[in-house]
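**Student:** Need the 3D shape of this:
(2 chains)
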Amino acid sequence: MSEVKRIATREGYGNALVELGKEHENLIVLDADLAAATKTSVFKKAFPERHIDCGIAEANMIGIAAGLSTCGFVPFVSTFAMFAAGRAFEQVRNSIGYPHLNVKIGATHAGISVGEDGASHQCNEDIALMRSIPGMVVINPSDDIEAEAAVKAAYEYEGPVYLRFGRLAVPVMNDREDYTFEIGKGVVLREGKDCTMIATGLCVCEALEAAERLAADGIDAQVINMHTIKPLDEELVIAAAQKTGRIFTIEEHSVIGGLGAAVSECLSEKYPTKVTRIGMNDIFGESGPAKELLHKYQLDADGIYERVSAEMK
Amino acid sequence: MTKLELQKTAVEVRKGIIEGVHAAKAGHPGGSLSAADIFTYLYFEEMNIDPKNPKDPDRDRFVLSKGHTAPGLYAALALRGYFPVEDLLTLRHTGSYLQGHPDMKNIPGVDMSSGSLGQGLSAACGMALAGKLHKKDYRVYALCGDGEIQEGQIWEAAMFAGFRELDNLCVIVDNNNLQIDGAIDEVCSPYPIDKKFEAFNFHAININGNDFDEIKAAFDEAKATKGMPTVIIAHTVKGKDVSFMENVADWHGKAPNDAEYEIAMEDLRKVGEALCQK
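**Tutor:** Numbering: from 1, shown residues only, chains lettered A, B, ... in the order given. Coordinates of the predicted model:
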């Protein structure tokens, strides 16, 4: 395989904040003692007066952001997904979601690719939680380029946005001339007629690799990058179901409540189609190097290939 | 306003509370009544606000962190001219903009949505921080309950405010000594409230929260205090001025029936009349 650049989506987050910060004085960044990890440290270096470290107090941080947003600022609140969506869920729901405030949540270290820190830090529930809040936009970028585009789109969007980033360096796959990003619009990356793999986040690249292996077995898989889980690109999901008649969803998240659930909800009502959800099967993660965990829990190309070919044969 | 004018206005605020909660057949009269003098002083004397310009970026802000006492806030806002007084009768009705807990989306004059205890103070800190960053002169006021300060997030916010020396922030704790399940020092005592806030780098002032002389002195002292936020611990009577509600925990979240309503309004009329004699 040729030299593929690998960059973590949290890097894209950190860099995009600086670029936006140069242009927009009203952009303000908050963190909860994790600036080095979330990469808001880059913004802090560039604009120290606009980087507010709230200390290890995520619930308060959400409220601070809410207050700031009513006074002309566009806050980007950062911490790990577990704490942003988990610990501070009710604050996000009541202080940001219910009043529909213009606050963006940059949640890094999502999923099992957190690696060695283990289960307490591996959030597999954040998409489910954030998706359930009315008016929340939920985006899970597939690579560094998409992460930057998503951050910029989030800034332009009027309303609350949850952005999910990862710790692990992942292949850059969107570095092409015609790449565009639009909230709520999934992207067909590979055409196919036998089945559709709808993937999000780091699973997109893995799905593409799995598709090549499936092709060698004579299985022609369509691959869709569903970076926005809410609002879901229902039109594209239904079109895929109509085309291939067999859907696989793939996410670094529980099979409960995430992308798989969103796709199943849509299709069961609008175009009943068999959906197999690939993700964390209602279990907690564990400590280990990220790549090993992704392999163990079958969320890498090998695992996806195994799961899909088992169903398709 | 003179002290007498404030006292008379407070009677109207209290009537507005009883009218609203009675019409809704639901709501929180006890804690609204205990804080009525604070609401009155803030909206009629203390705050730099203009009902004709509720979103003025330079205005003083108020966050009702103890959001369930929306009846009190709404009465003060209505009397101050933010929306029609007769709308108070639509409180909590289906389709009404006067939601059970403050809704900033649709109620003129409400600076932050609240209702879930422990969250409003953080938002107030955010507004105060914004004021500092923008180098503006506005002040931010937040009213918390004395049961509400059992919530950990209150102390996260206090730590932040004290550390950041948000002297444009003035917190008021409505210390009526009661919560739903009884007296606060029987449920899970937060006392001593002043010492706790002082430990978080606040200037603490204890007052009779139903006395306008003490209220005025406290807010003046808060404005003059630099380098740290202030907390005013307002010792109040839950259900103040409604005879059968005073100091009764049960009247935390219950509406008076028609007979009780009549008694309550008569109690308040008598207070008003006594003031007119002065």
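**Student:** need the residues of the stretch 51-200 of chain A near chain B, please.
**Tutor:** Within the stretch 51-200 of chain A, the residues that sit near chain B (Cβ under 8 Å from any Cβ of the partner chain) are A:52, A:54-55, A:57, A:59-73, A:90-91, A:94-95, A:98-100. C-betas here are computed from N, CA, C, even on glycine.
**Student:** Could you report the neighbour count for B:Asn191?
**Tutor:** No Asn there; residue B:191 is Tyr. As a burial measure, B:Tyr191 scores 12 neighbours (other Cβ atoms under 10 Å in any protein chain shown).
**Student:** hmm, back to that, the residues of the stretch 51-200 of chain A next to chain B in strands, which ones?
**Tutor:** Within these, residues falling in strands by DSSP state E are A:Ile52.
**Student:** Just the buried ones among the residues of the stretch 51-200 of chain A next to chain B, please.
**Tutor:** Taking 16 or more other Cβ atoms under 10 Å in any protein chain shown as the criterion, what is buried in these is A:52, A:54, A:57, A:59-71, A:73, A:91, A:94-95, A:98-100.
**Student:** Show the model's pLDDT score for residue 40.
**Tutor:** All of this refers to chain A. pLDDT for A:Thr40: 98.
**Student:** that answer is for a different chain, and I need it for chain B
**Tutor:** For B:Thr40, the model assigns a pLDDT of 98.
**Student:** tell me the secondary structure for the nearest residue to it once chain neighbours are set aside?
**Tutor:** The shortest distance from B:Thr40 to any non-neighbouring residue, by Cβ to Cβ, 6 or more residues apart in numbering or on different chains, is to B:Ala10 (4.3 Å). Of the three states, B:Ala10 takes helix under DSSP: H, G, I helix; E, B strand; the rest coil.
**Student:** what residues are up against B:Ala10?
**Tutor:** B:Ala36, B:Asp37, B:Thr40, B:Phe212 (Cβ atoms under 8 Å, 6 or more residues apart in numbering or on different chains).
**Student:** Any stretches of chain B with poor pLDDT?
**Tutor:** By pLDDT under 70, chain B has no low-scoring segment.
**Student:** Which positions in it make contact with chain A?
**Tutor:** Within chain B, the residues that sit near chain A (Cβ under 8 Å from any Cβ) are B:57, B:61, B:63, B:103-105, B:111-113, B:115-116, B:118-131, B:133-134, B:152-153, B:156-157, B:159-160.
**Student:** Give me the subset of those lying in strands.
**Tutor:** Among these, the residues falling in strands (DSSP E) are B:Arg61, B:Val63.
**Student:** Residues in contact with stretch A:80-92: which ones?
**Tutor:** By Cβ under 8 Å, 6+ apart, the list of residues contacting stretch A:80-92 reads A:32, A:34, A:37-38, A:58-59, A:61-63, A:77-78, A:105, A:107-111, A:114, A:120-123, A:125-126, A:129-130, A:133, A:136, A:160, A:162, A:164, B:116, B:119, B:122, B:153.
**Student:** Once you drop chain neighbours, what's closest to A:Arg50?
**Tutor:** A:Ile28 (4.9 Å).
**Student:** partner residues bridging that neighbour?
**Tutor:** The bridge-partner assignment for A:Ile28, based on DSSP bridges, gives A:Pro75.
**Student:** And it, how far from B:Glu86?
**Tutor:** Distance of A:Ile28 to B:Glu86, given as Cβ to Cβ, to the nearest Å: 41 Å.
**Student:** partner strands of the longest strand along chain A, parallel or antiparallel?
**Tutor:** Among the segments of chain A that qualify as a strand by DSSP E, the longest is strand A:246-254. Strand A:246-254 has its sheet partners listed here by DSSP bridges as strand A:195-199 (parallel), strand A:274-280 (parallel).
**Student:** List the buried residues in the last one.
**Tutor:** Along strand A:274-280, these residues count as buried under the neighbour rule (16+ other Cβ under 10 Å): A:Val275, A:Thr276, A:Arg277, A:Ile278, A:Gly279, A:Met280.
**Student:** Now it: average pLDDT?
**Tutor:** Across strand A:274-280, pLDDT averages out at 98.
**Student:** which is the next helix or strand following that strand?
**Tutor:** helix A:290-296 (DSSP states H and E).
**Student:** buried ones in that next one?
**Tutor:** A:Ala290, A:Leu293, A:Leu294.
**Student:** In JSON lines: those residues, plus pLDDT.
**Tutor:** Compiled in JSON lines, those are given as follows (pLDDT from 0 to 100):
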{"residue": "A:Ala290", "pLDDT": "98"}
{"residue": "A:Leu293", "pLDDT": "98"}
{"residue": "A:Leu294", "pLDDT": "98"}
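**Student:** between the residues you listed, which is nearest B:Lys52?
**Tutor:** Lowest distance from B:Lys52 to those (Cβ to Cβ) belongs to A:Ala290, with 57.5 Å.
**Student:** follow-up on the earlier one: A:Ile28 and B:Glu86 - which one has more neighbours?
**Tutor:** Neighbours per residue, other Cβ under 10 Å: of A:Ile28 and B:Glu86, the larger number sits with A:Ile28, 27 against 9.
**Student:** Surely that one touches A:Ser69?
**Tutor:** No: taking contacts as Cβ atoms under 8 Å, A:Ile28 lies outside contact range of A:Ser69: 9.1 Å.
**Student:** tell me, what's touching those two both at once?
**Tutor:** Contacts common to A:Ile28 and A:Ser69, judged by Cβ under 8 Å, 6+ apart, are A:Pro75.
**Student:** Give me the neighbour count for A:Ala16.
**Tutor:** Counted with other Cβ under 10 Å, A:Ala16 comes out at 26.
**Student:** Relative to chain B, how far out is it?
**Tutor:** Separation of A:Ala16 from chain B (Cβ to the nearest Cβ, to the nearest Å) stands at 22 Å.
**Student:** Apart from its neighbours in sequence, what residue is nearest A:Val187?
**Tutor:** Leaving aside its sequence neighbours, A:Val187 sits nearest to A:Asn225 (Cβ to Cβ, 6+ apart; 4.4 Å).
**Student:** which SS state does B:Ile233 fall under?
**Tutor:** Judged by three-state DSSP, the three-state class of B:Ile233 is strand.
**Student:** Show the residue spans covered by the helices in chain B.
**Tutor:** With DSSP state H as the criterion, chain B has helices at B:3-24, B:29-34, B:36-41, B:70-80, B:120-133, B:152-163, B:184-187, B:193-199, B:212-224, B:258-276.
**Student:** With only the CA atoms kept, save the first one in CSV.
**Tutor:** Listed next in CSV are the C-alpha coordinates belonging to helix B:3-24 (Å, rounded to 0.1, in the frame of the first residue of the first chain):
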residue,chain,number,x,y,z
LYS,B,3,-39.0,52.1,50.0
LEU,B,4,-42.8,52.5,50.2
GLU,B,5,-43.1,52.3,46.4
LEU,B,6,-41.0,49.1,46.4
GLN,B,7,-43.2,47.6,49.1
LYS,B,8,-46.4,48.4,47.2
THR,B,9,-44.9,47.0,44.0
ALA,B,10,-43.9,43.8,45.9
VAL,B,11,-47.6,43.4,46.9
GLU,B,12,-48.5,43.5,43.3
VAL,B,13,-45.8,41.0,42.5
ARG,B,14,-47.2,38.7,45.1
LYS,B,15,-50.7,39.1,43.8
GLY,B,16,-49.4,38.2,40.4
ILE,B,17,-47.8,35.0,41.8
ILE,B,18,-51.1,33.9,43.4
GLU,B,19,-53.1,34.8,40.3
GLY,B,20,-50.8,32.9,38.0
VAL,B,21,-50.5,29.8,40.1
HIS,B,22,-54.2,29.7,40.9
ALA,B,23,-55.2,30.1,37.3
ALA,B,24,-52.7,27.4,36.3
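**Student:** between that helix and helix B:70-80, what angle do the directions make?
**Tutor:** Put simply, helix B:3-24 runs at 120 degrees to helix B:70-80, going by axes from the mean of the first three to the mean of the last three Cα atoms, to 10 degrees.
**Student:** For chain A, see how far away B:Asn106 is.
**Tutor:** For B:Asn106, the distance to chain A - Cβ to the nearest Cβ - is 10 Å.
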